[in-house]
Structure formats: structure tokens, C-alpha cells
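Undergrad: A predicted structure for the sequence below; I have some questions about it.
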Amino acid sequence: MELLRKTLEEKARRRQEAEEKKQKARFRRAVANFMDGPYMTLISVCLTFWALLGDDIRILTTNRPADIGCGPQPVRHCCRFCRIRTRART
């Protein structure tokens, strides 16, 4: 009787683990579809346009010593965005 109970518990645990794996796979697939979809493309295009336009405005409105403070922040944001996008694809 004890062996039967353990066997049933083991089967239930395996079934639960299989269901959790399926849910994770569905979630990853949904995130990957979103990341490869038109919304992320639009966000990427807008981010690129903003970065290029912002750099042109920075060059036009500041002198050379003020460039030091403007450099790291956009690069850091772009790296963070690329890292998030890469992680979502894997």
C-alpha cells in the first residue's frame, strides 16, 4: 500500500513538473514573439532616431568640454536595451 502511494505521488510530481515546463515554454515563446514583432521594431527605430537626433543636438549646442558628461549615459542605456533584447531571445 505504501509503495502504491509513493508511486502515485511520484507520478503526480512528474506531471506537475511537466506542466510547469510547458508553461515556461509558452511564456518564453510569447516573449520571443513580442520581441521579434512590430512593436519592438518600432521601439528600436524610435530609440535609434532619438539617439541620432539627440547626438546632433548635443554637438550643435555644447562645446568640447561639455561632451564628457554626455557620453556615458546614452551608451549605457543602449547597452542595457540590447542586453534586455538579447536575453529575451534566448
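TA: In hand now; what should we look at? Numbering: from 1, shown residues only.
Undergrad: average pLDDT for the helix or strand hosting T48, rounded please.
TA: Here T48 is covered by helix 38-61, with elements defined by DSSP states H and E. Taken as a whole, helix 38-61 has an average pLDDT of 86.
Undergrad: what's it packed up against?
TA: helix 72-89 (3 or more Cβ pairs under 8 Å, 6 or more residues apart in numbering; DSSP states H and E). From N, CA and C alone the C-beta is placed, and that goes for glycine too.
Undergrad: ok, back up a step: in the helix holding T48, what counts as buried?
TA: By neighbour count with 16 or more other Cβ atoms under 10 Å, helix 38-61 contains no buried residues.
Undergrad: ok, now stretch 28-39?
TA: Buried, per 16+ other Cβ under 10 Å, within stretch 28-39: M35.
Undergrad: now do the longest helix along the chain and helix 72-89, the angle between them.
TA: Assignment by DSSP state H gives helix 2-35 as the longest helix of the chain. Angle between the axes of helix 2-35 and helix 72-89 is 130 degrees (criterion: axes from the mean of the first three to the mean of the last three Cα atoms, to 10 degrees).
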